[in-house]
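A.B. asks: need a 3D model of the sequence below.
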Amino acid sequence: MKKLISILLVFITFNSFAQKDTLAHRHYGAMQFGGQTMVSFHYEYSLIARNYFILNTNAGLGLNENADDTDPTDRPIYGIHSGIICLAGPKLISLELGIYPTTYFYKTTTFVNLNSWAGIRLRPQKMEGFFMSVGYTPRLYYTYSDPNNHFFNAAIAAKFGINF
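C.D. replies: Okay, the predicted model is just below:
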């Protein structure tokens, strides 16, 4: 009897979650200026969507400035982002919180930083599918430090994209 009640409880719980899903379009594409890279392209996919809560995965590619300003043959730093972003609040304006590690590639050096995002996402009603975000992007942990080389690291970023 306990097994039957447990199975029914699990079924009812998961069934009620599935019926509360409120998002028709789960894909997001965006371009970000600032933050941990000068410019980056992001793709997000919604894993969970409720009335006032959306949980997205995030993947992206970024480009940073040259690391050594004295070397004219220097090349940019490339970054690969991945992580989780949580949107909380009504559809028009949401609090956006995220954490994502970024792997950077520079010449023969590869390093990883743990970055975060805390901001606001706006989705204007008259522009269906469009969104813009402004956020604070602190670097929580970094694995590379060289006084001769530096890379772009802004504390503020702006993101513009579409939901499809």
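A.B. asks: which parts of stretch 121-140 are buried?
C.D. replies: Buried residues in stretch 121-140, defined by neighbour count with 16 or more other C-beta atoms under 10 Å: Arg121, Arg123, Phe131, Ser133, Gly135, Thr137. Every C-beta, even on glycine, is put in place using the N, C-alpha and C of the backbone.
A.B. asks: between these, which sits nearest Ser82?
C.D. replies: Thr137 (15.2 Å; C-beta to C-beta).
A.B. asks: surely that closest one is in contact with Phe152?
C.D. replies: No - contact between Thr137 and Phe152 fails when scored by C-beta atoms under 8 Å: they sit 11.4 Å apart.
A.B. asks: so Gly119 makes contact with Glu96?
C.D. replies: Yes - counting by C-beta under 8 Å, Gly119 touches Glu96, with 4.9 Å between them.
A.B. asks: shared neighbours, these two?
C.D. replies: Both Gly119 and Glu96 are contacted by Ser133, Gly135, under the criterion C-beta atoms under 8 Å, 6 or more residues apart in numbering.
A.B. asks: which residues touch the residue most central in space within the chain?
C.D. replies: Centroid-nearest residue in the chain: Asn58, 4.6 Å away (criterion: C-alpha atoms, centre = their mean). The neighbours of Asn58, taking C-beta under 8 Å, 6+ apart as the test, are His42, Tyr43, Glu44, His81, Ser82, Gly83, Ile84, Ile85, Gly98, Tyr100.
A.B. asks: list phi and psi for Lys91.
C.D. replies: Per-residue torsions, Lys91: phi -60, psi -40 (degrees, to the nearest 10).
A.B. asks: show me where the protein has helices.
C.D. replies: In the chain, the helices defined using DSSP state H lie at 2-19.
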